[in-house]
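Student: coords below, sequence missing:
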């Protein structure tokens, strides 16, 4: 969109440094900081649920003050459109000031997609998560859902636009080959027993998501690097991952 529009990105935490590194030098995209939700972990990389919930409640309690700091930006910039990737605070400012909101995310599949094909226990879980997504109160005028699959839409959501995974140019340009290694993308909360299980498979494995570590048997640990990761993905034999929508979509591609 940069050739036709002025783009301002609001983000927080790890994404803030990442996006500033990408766009600050370009001069045609401005990156601004916003207060966002954060997951808290202990030294053992286990999710600290109480701290995480407390932080979320604190942000909710202070939302009026946070919104008051964001409103002057909207009044000054007079944006024509807010594109929200499941970010609730800017959406509330936009609604208050009459700026239309387009949601572009994966999470709204829980709201718009007909998931009746799922087993009962997963349908129950999805229903609970749907309430959580609705509680974020994005309330978009138009909704675009990105997912690696396209089931039927629920009644009342016929105007939702379904798109596949949003693939970076680096992924689309890569020519896949069949290599000998396995790519594994794990989360910080992955139990150590999973790493031991992967090590016992006897297959060369390139592991991302846990940071750089000494080699463990046939497991090599890599820091997150966009170029190296895409190369290893395109040349692997298979993927074993605690992955979400994005990596699944890239793997299918």
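Tutor: Everything's here; your move. These numbers come from a predicted model, not from an experiment.
Student: Contact partners for residue 67?
Tutor: Neighbour list for residue 67: 89, 92, 93, 96 [criterion: CB atoms under 8 Å, 6 or more residues apart in numbering]. Quick note: C-beta positions are derived from backbone N, CA and C, even for glycine.
Student: which secondary structure element contains it?
Tutor: helix 63-77 (DSSP states H and E).
Student: Quick one: mean pLDDT for the next helix or strand along the chain from that helix?
Tutor: Sequence order places strand 82-84 as the next helix or strand after helix 63-77, per DSSP H and E. For strand 82-84, the mean pLDDT works out to 96.
Student: Likewise for stretch 101-120?
Tutor: For stretch 101-120, mean pLDDT is 95.
Student: list the buried ones in stretch 226-240?
Tutor: Of the residues in stretch 226-240, 229, 230, 232, 233, 234, 235, 236, 239, 240 count as buried by neighbour count, 16 or more other CB atoms under 10 Å.
Student: can you pull the pLDDT of the nearest residue to residue 88 once chain neighbours are set aside?
Tutor: Take residue 88 and drop its neighbours on the chain: the residue closest to it by CB to CB, 6 or more residues apart in numbering is residue 136, 4.6 Å away. Listed pLDDT for residue 136 reads 82.
Student: same thing with residue 41?
Tutor: On the pLDDT scale, residue 41 gets 68.
Student: same thing with the one 5 residues further on?
Tutor: pLDDT, the model's per-residue confidence, is 65 for residue 46.
Student: is it true that residue 18 lies in a helix?
Tutor: Yes: looking at residue 18 with DSSP: H, G, I helix; E, B strand; the rest coil, it is inside a helix.
Student: What segments of this structure are helices?
Tutor: 13-23, 49-61, 63-77, 88-97, 109-112, 120-135, 169-172, 192-199, 226-234, 245-252 (DSSP state H).
Student: re the thing from before, mind checking how far the residue nearest to residue 88 is from residue 50?
Tutor: 21 Å (CB to CB, to the nearest Å).
Student: And residue 167, by the same measure?
Tutor: Applying CB to CB to residue 167 and residue 50 gives a distance of 38 Å.
Student: what about these two, which has more around it?
Tutor: residue 167 (14 against 9; other CB atoms under 10 Å).
Student: Contact partners for the closest residue to that one other than its chain neighbours?
Tutor: Distances taken as CB to CB, 6+ apart place residue 253 nearest to residue 167, at 5.9 Å, with adjacent residues excluded. By CB under 8 Å, 6+ apart, the contact set of residue 253 is 165, 167, 171, 172.
Student: residue contacts, the last one?
Tutor: If a contact means CB under 8 Å, 6+ apart, then residue 172 has residue 253 as its contacts.
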